[in-house]
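Colleague: generate coordinates for the sequence data below:
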Amino acid sequence: MKIIDRFIIIFWKQNSWHKHGVLVHTLKVVYHIIWNGHYNMFIALILHDIWKPLIATRDDTKEISYSFTWHEEKSYQLIKNIPFFSDYTKNLVRWHYLIRWIKKSKEKSLDQNNTDKEKLFWKTENERLKKIYETLNADFKNDLAIFLNYDDLGK
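Modeller: Reported below is the predicted structural model:
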């Protein structure tokens, strides 16, 4: 990927779902967590999209659009061994898109435009993600939903 693409992703635009680049998106999300007093999420929100400029792939079928598949896992891998970040912060970064991925994988497993092989893949992925979700405690699940809401407000 070209340097100009990374510049666009950071400072201007990510894709049709995000009006802003990663930097402005992150600052908007931070604004919402501060405004609402969820200070325990602050570091996770700063770090949640940190890997996006490095993992991006350009969708050449659209004017300016990038994809960041599994950026949350890559961001987690970057911070997982840093001892001064709490497990709570690391897990919010890692799972911040889990609720959305569960829904998306279910939709893709039922999508009539997908081949049987693709449907099976997404059905298996949906089951795997639901198992992960079920291992999380109720408070953390609630925080994931709040986090995802703030992420959406930053779009």
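Colleague: the spatially closest residue to residue 102 that is not a sequence neighbour: how many residues sit nearby?
Modeller: Computed as Cβ to Cβ, 6 or more residues apart in numbering, the closest residue to residue 102 that is not its neighbour in sequence is residue 129, at 4.8 Å. For the C-beta atoms, the positions are set from N, CA and C on the backbone; glycine is no exception. The tally of other residues near residue 129 (other Cβ atoms under 10 Å) stands at 21.
Colleague: now do the contacts for residue 153.
Modeller: Each residue near residue 153 by Cβ atoms under 8 Å, 6 or more residues apart in numbering is listed here: 28-29, 32.
Colleague: how about the backbone phi and psi for the closest residue in space to residue 50 that isn't next to it in sequence?
Modeller: What sits nearest to residue 50 in space, not counting adjacent residues and going by Cβ to Cβ, 6+ apart, is residue 75, at 4.9 Å. Residue 75 adopts backbone torsions of phi -60, psi -40, taken as degrees, to the nearest 10.
Colleague: touching, residue 75 and residue 48? I think so.
Modeller: Yes: in this structure, residue 75 is within contact of residue 48 by Cβ atoms under 8 Å, at 6.3 Å.
Colleague: mutual contacts of these two, please.
Modeller: Residues touching both residue 75 and residue 48 by Cβ under 8 Å, 6+ apart: residue 93.
Colleague: so for the two, which residue has more residues nearby?
Modeller: With other Cβ under 10 Å as the criterion, residue 75 and residue 48 differ in neighbour count, and residue 48 comes out ahead with 28 against 24.
Colleague: measure that one to residue 81 for me?
Modeller: Distance, residue 48 to residue 81, using Cβ to Cβ, to the nearest Å: 17 Å.
Colleague: do the same with residue 136
Modeller: To residue 81, residue 136 is 21 Å away according to Cβ to Cβ.
Colleague: comparing those two, which residue is more hemmed in?
Modeller: Comparing residue 136 with residue 81 by other Cβ under 10 Å, the one with more neighbours is residue 136, at 15 against 8.
Colleague: run through the residues that contact that one.
Modeller: Neighbouring residues of residue 136 by Cβ under 8 Å, 6+ apart: 95, 144.
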